[in-house]
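Chemist: return a 3D structure for these sequence lines:
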Amino acid sequence: MKLNENTKAVKFIKLGNDHYGTGTGVTLVRKDTFHMTQWDTSYDSSYNNVYIGCYLDNFCDCMWPLKLDDGIKDCVVPVPIIVAEGNTVATLHTLYRKAFALSCTEVGLSGWQTEGTAFSYFADNTKRIAYLDETATAVGWGLRSPNSNASNAYYVRADGTLSNNYVCDAFFAARPAFNLKSSIVVSSTTDADGCYTVESLPSSGGGTYVKSGGVWVKAS
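Modeler: Alright, predicted model coming up:
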C-alpha cells in the first residue's frame, strides 16, 4: 500500500487485521527504514534500555505520524502493545501507541521476553530484511525489545537475523508500524509499483473523505 509522508508517496506492507484486538484495524509497517539512529540518545553511564519514552518510541509515536496526510492521521487507531520494562526488569507493560517499533516476538524471533504475538508475514529471514529509504542497501532496524543487559536492545540485522547492541549506538533504523481503521477503502487494483492506494476515508463526523487534487476533501 502507498501512503503519503509530507506529500510524498511511501510504500507500506500489510501485516494483519485486528492483531491487537477486535476493532484495532489493519496493521501496516513501513517497507523501508529511515536513517540509522540510536535506540536512545542518552550517554549516561547506565544506558538504561527502557522503551517507554526512548528516542525510538518518541520518533515512532510522536514525530513520524506528523508526516501523514491529515485524513490518514484521523484514521490511525492507537493500539495496546506489550513491552518489557527493561533495565534488567522483566515485568511486561501494556502501552497504547499510535505508531511503534515492532518487538522480537512480533517479527518471529526469540528475545529476552515474549512481547505480543507473531505476525505470520515474518516467516523467515528474507521477510525481515529492510532497506534504507528507497535504496538497495539492507540495514539493521530497531525493535522495541530490551535485552536482559540493561545497556542493550534488540535489532534486526541486515540479513534478517536477530542481534542486540548498546542503545546509544546507531544500529536501530526506525521502521514504524501502526494501525488504520478497517473502514478505509483501497483501490481494487495495484499501481505500476504493485501497490494499492487509498480511495476514501471515513470521516469522524460521518460521511467519507475522497482525494481531489491531492487533498482530502469531504464527499458530498
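
Chemist: touching, Thr208 and Pro202? I think so.
Modeler: Yes - at 6.0 Å, Thr208 and Pro202 qualify as touching, with contact defined as CB atoms under 8 Å. C-beta here means a position set from N, CA and C on the backbone, and glycine is covered the same way.

Chemist: the chain: helices as residue ranges?
Modeler: 55-58, 70-73, 125-128 (DSSP state H).

Chemist: what mean pLDDT does the first one have?
Modeler: Mean pLDDT, taken over the full extent of helix 55-58, equals 96.

Chemist: that one packs against which elements?
Modeler: strand 141-146 (3 or more CB pairs under 8 Å, 6 or more residues apart in numbering; DSSP states H and E).

Chemist: just checking, what packs against the strand it packs on?
Modeler: If you count contacts as 3+ CB pairs under 8 Å, 6+ apart, strand 141-146 packs onto helix 55-58, strand 79-86, strand 152-156.

Chemist: separation between the closest residue to Thr126 other than its chain neighbours and Leu66?
Modeler: Nearest residue to Thr126 in three dimensions, chain neighbours excluded: Gly160, at 6.0 Å (CB to CB, 6 or more residues apart in numbering). For Gly160, the distance to Leu66 (CB to CB, to the nearest Å) stands at 30 Å.

Chemist: looking at the two, which one has more neighbours?
Modeler: Gly160 (18 against 9; other CB atoms under 10 Å).

Chemist: thought the more buried one was touching Val139?
Modeler: No - Gly160 lies out of contact with Val139 (CB under 8 Å); the separation is 11.4 Å.

Chemist: export stretch 147-166 to PDB, keeping only CA atoms.
Modeler: C-alpha atoms of stretch 147-166 as PDB (Å, rounded to 0.1, in the frame of the first residue of the first chain):
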ATOM      1  CA  ASN A 147      17.800  -7.100  26.100                       C
ATOM      2  CA  SER A 148      18.500  -8.700  29.500                       C
ATOM      3  CA  ASN A 149      21.600  -6.500  29.600                       C
ATOM      4  CA  ALA A 150      20.500  -3.000  30.800                       C
ATOM      5  CA  SER A 151      22.700  -1.400  28.200                       C
ATOM      6  CA  ASN A 152      21.400  -3.300  25.100                       C
ATOM      7  CA  ALA A 153      18.300  -3.500  22.900                       C
ATOM      8  CA  TYR A 154      17.400  -5.800  20.000                       C
ATOM      9  CA  TYR A 155      17.500  -5.000  16.300                       C
ATOM     10  CA  VAL A 156      17.100  -7.000  13.100                       C
ATOM     11  CA  ARG A 157      20.400  -7.300  11.200                       C
ATOM     12  CA  ALA A 158      20.700  -6.500   7.500                       C
ATOM     13  CA  ASP A 159      20.400 -10.300   6.800                       C
ATOM     14  CA  GLY A 160      17.100 -10.600   8.700                       C
ATOM     15  CA  THR A 161      18.600 -12.300  11.800                       C
ATOM     16  CA  LEU A 162      18.400 -11.000  15.400                       C
ATOM     17  CA  SER A 163      21.100  -9.200  17.300                       C
ATOM     18  CA  ASN A 164      21.500  -6.600  20.100                       C
ATOM     19  CA  ASN A 165      23.700  -3.700  20.800                       C
ATOM     20  CA  TYR A 166      24.300  -0.700  23.100                       C
END
